[in-house]
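In: give me coordinates for this.
(one chain, ligands or ions: 1)
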Amino acid sequence: MLDLKKIRADFPILKREVNGKPLVYFDNAATSQTPQQVIDVIIDYYSNYNANIHRGVHALSQEATDKYEAARHTIQKHFNAKHAHEIIYTSGTTHSINLIANGFASLLKKGDEIIVSALEHHSNIVPWQMLCEKTGAILKVIPMNQDGELVMHEYDNLLNENTKLVFTNHISNALGTINPIEEIINKAHQVGAAVLIDGAQACPHVKPDVQDLDVDFYVASAHKMCGPTGVGMLYGKEEWLNKLPPYQGGGEMIAEVSFTKTTYAGLPHKFEAGTPNICGGIAFGAAIDYMNTIGFDAIAKYEHELLEYATKALIEIEGLKIYGTANNKTSVVSFNLEGIHPYDVGTILDKLGIAVRTGHHCAQPIMDFFKIPGTVRASFAFYNTKEEIDALVSGVKKAKMMLS
Ligand code: C6P
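Out: Numbering: from 1, shown residues only. Model prediction:
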């Protein structure tokens, strides 16, 4: 059981009003809110030990370095990576994916194949298209069905000895579908392909074990799991990270530099050129600590209750259609009211203090599949309540009345 009163008191933003109404924040899939415990860590960093890391002998630099590296260990432990140097700090999921796509440019040749899923966010489509343009590799897509589930027997047909990389998200941002990543990983490994899983939408809800999954790469953003924006991580198996070339050149990522030859630093620094988001990295660790004190089992159970409660109430509204009806899904409800543009519904909800996302959710191929311009997406976090869902349902009814 979650102590909702105590949890909500941790989030100062939940006390504010929007348009004269109490804020109901249901845009958690875009970015989650930040608890005071993480805000305090950010304030502490800039108030007491702001300094560049891995560079100075002075006390502030050493303190900042120690805390930044301690946060890397927190991330390692959370994802159960074998080594801390398998955790690369990045600016977020998009950066992590581009780093891998760039690295694979030197490993792929014409005719090699990359498999992605039909449920991908644009950040999981465009970098692979760019990689294919560069290398002559071919992009193949695992199709989806009307429930927003991947058609797994089609995946079997796509895999072959030319498959070099398989890429899917763990959970779809637009529909909430939880993908069968264990099966995806096992089958890809049977043909010798590497697997990258985008955990951006999974990490706020579940605690992935990268060794147990035997995944080659796993990526996430801090801002979707109670941390700040502009920081994220890439987990990569040591042997894969050693195989990939550096992404960017600059300070920090070198062993020695001369005008005739430069040698690169070892892991993880080879992939961390320049001054990183130091405060962000430390706060990322604090966010993970915070979420673990709430507990991922309790989070998943409560969010499932919210999902069922919202789904049941919303489908009773005549003319409302939910997109994404997979058996296995997380706390995201994407829907439309018949004949009404999602943007108009979102605008009315905003007037009522309810924050939802509207549009294609950076997943245009999913919207094309359903032949719609977009949806209204309400995404719930562990600090949301059933009373807030009641407010959403009555807001949607009001929007329907005003716009019909
Ligand atoms: N989805 C959403 O509203 P960044 O922006 O790099 O932190 O994350 C990109 C990203 C990658 N994969 C998935 C599955 C995602 O959901 C996102 C971000 C947000 O759905 C903003 S578009």
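In: in contact with the closest residue to the ligand within the stretch 251-400 of the chain, which residues?
Out: Residue nearest to the ligand within the stretch 251-400 of the chain (CB to the nearest ligand atom): residue 362, separated by 4.0 Å. (C-beta placed from N, C-alpha, C; glycine too.) Going by CB atoms under 8 Å, 6 or more residues apart in numbering, residue 362 touches 121-123, 173.
In: please name the residues that touch whichever residue of the stretch 201-350 of the chain sits closest to the ligand.
Out: Going by CB to the nearest ligand atom, the ligand is nearest to residue 221 of the stretch 201-350 of the chain, at 3.4 Å. Shown in contact with residue 221 (CB under 8 Å, 6+ apart): 92-93, 200, 203, 229, 231-232.
In: got the confidence number for the most centrally placed residue in the chain?
Out: Geometric centre of the chain, nearest residue: residue 200, 1.0 Å, by CA atoms, centre = their mean. Predicted confidence (pLDDT) for residue 200: 98.
In: kindly report the same for residue 56.
Out: 79.
In: let me know the secondary structure of it.
Out: Secondary structure state of residue 56, per DSSP: H, G, I helix; E, B strand; the rest coil, is coil.
In: that one contacts residue 49, correct?
Out: No: between residue 56 and residue 49 there is no contact under CB atoms under 8 Å: 11.5 Å.
In: what does the domain assignment say about the chain?
Out: Following automatic domain parsing, the chain resolves into domains at 4-30+295-403, 39-292.
In: from the ligand, how far out is residue 111?
Out: From residue 111 over to the ligand the distance is 28 Å, taken as CB to the nearest ligand atom, to the nearest Å.
In: for stretch 140-152, what is the average pLDDT?
Out: Mean pLDDT, stretch 140-152: 98.
In: same question, stretch 303-315
Out: Across stretch 303-315, pLDDT averages out at 98.
In: which stretches in this protein count as helices?
Out: Secondary structure of the chain (DSSP state H): helices at 4-9, 36-44, 59-79, 93-104, 126-135, 152-158, 181-190, 210-213, 238-243, 278-294, 296-315, 342-351, 364-370, 386-403.
In: quick one on the thing from earlier: between residue 56 and residue 49, who's got more neighbours?
Out: Neighbours were counted for residue 56 and for residue 49 using other CB atoms under 10 Å; residue 49 has more, 19 against 13.
In: backbone phi and psi for the residue nearest to the centre of the chain, please?
Out: phi -50, psi -40 (degrees, to the nearest 10).
In: can you name the residues that contact it?
Out: Contact analysis of residue 200 by CB under 8 Å, 6+ apart lists 93, 121, 169, 173, 219-221, 224.
In: do residue 153 as well
Out: So residue 153 contacts nothing (CB under 8 Å, 6+ apart).
In: measure it to residue 183 for me?
Out: Distance, residue 153 to residue 183, by CB to CB, to the nearest Å: 11 Å.
In: what about the closest residue to residue 94 other than its chain neighbours, distance to residue 323?
Out: Spatial nearest neighbour of residue 94, chain neighbours left out: residue 123 (4.3 Å); criterion: CB to CB, 6 or more residues apart in numbering. Using CB to CB, residue 123 is found at 20 Å from residue 323.
In: kindly report the same for residue 127.
Out: Separation of residue 127 from residue 323 (CB to CB) stands at 25 Å.
In: more crowded one of these two?
Out: Each of residue 127 and residue 323 has its neighbours counted (other CB under 10 Å); residue 323 has more, 23 against 20.
In: correct me if wrong: the more buried one contacts residue 333.
Out: No: judged on CB under 8 Å, residue 323 makes no contact with residue 333 at a distance of 9.0 Å.
In: any weak-confidence spans in the stretch 151-300 of the chain?
Out: Judged by pLDDT under 70, the stretch 151-300 of the chain has no weakly predicted residues.
In: alongside the ligand, which residues does it contribute?
Out: For the stretch 151-300 of the chain, the contact set with the ligand under CB under 6 Å from any ligand atom comprises 169, 173, 198, 200-201, 221.
In: restricted to strands, list those.
Out: Among these, the residues falling in strands (DSSP state E) are 169, 198, 221.
In: show me what the last one is bridged to.
Out: When assigned by DSSP bridges, residue 221 has beta-bridge partners residue 232.
In: same deal with the first one?
Out: Listed by DSSP bridges, the beta-bridge partners for residue 169 are residue 198.
In: so the residue sitting furthest away from the middle of the chain versus residue 245, what's the distance?
Out: Farthest-out residue of the chain from its mean C-alpha position, per CA atoms, centre = their mean: residue 260, at 40.7 Å. From residue 260 across to residue 245, the span is 19 Å (CB to CB).
In: what residues does stretch 254-262 touch?
Out: Stretch 254-262 has contacts (CB under 8 Å, 6+ apart) with 249, 263-266.
In: closest to residue 378 out of the residues you listed?
Out: residue 249 (43.2 Å; CB to CB).
In: okay, now the closest one: neighbour count?
Out: Residue 249 has 12 neighbours, counted by other CB under 10 Å.
In: run a quick neighbour tally on the spatially closest residue to it that is not a sequence neighbour.
Out: Once flanking residues are discounted, residue 249 sits nearest to residue 273: 6.1 Å by CB to CB, 6+ apart. The number of residues packed near residue 273 is 18, by other CB under 10 Å.
In: could you do the one 10 residues further on as well?
Out: Neighbours of residue 283 under the rule other CB under 10 Å: 28.
In: can you pull the contacts of it?
Out: 38, 41-42, 45, 71, 222, 227-228, 231.
In: and the furthest pair within these?
Out: 45 and 222 (14.2 Å).
In: of the two, who's got more company?
Out: Per other CB under 10 Å, whichever of residue 45 and residue 222 has more neighbours is residue 222, with 34 against 22.
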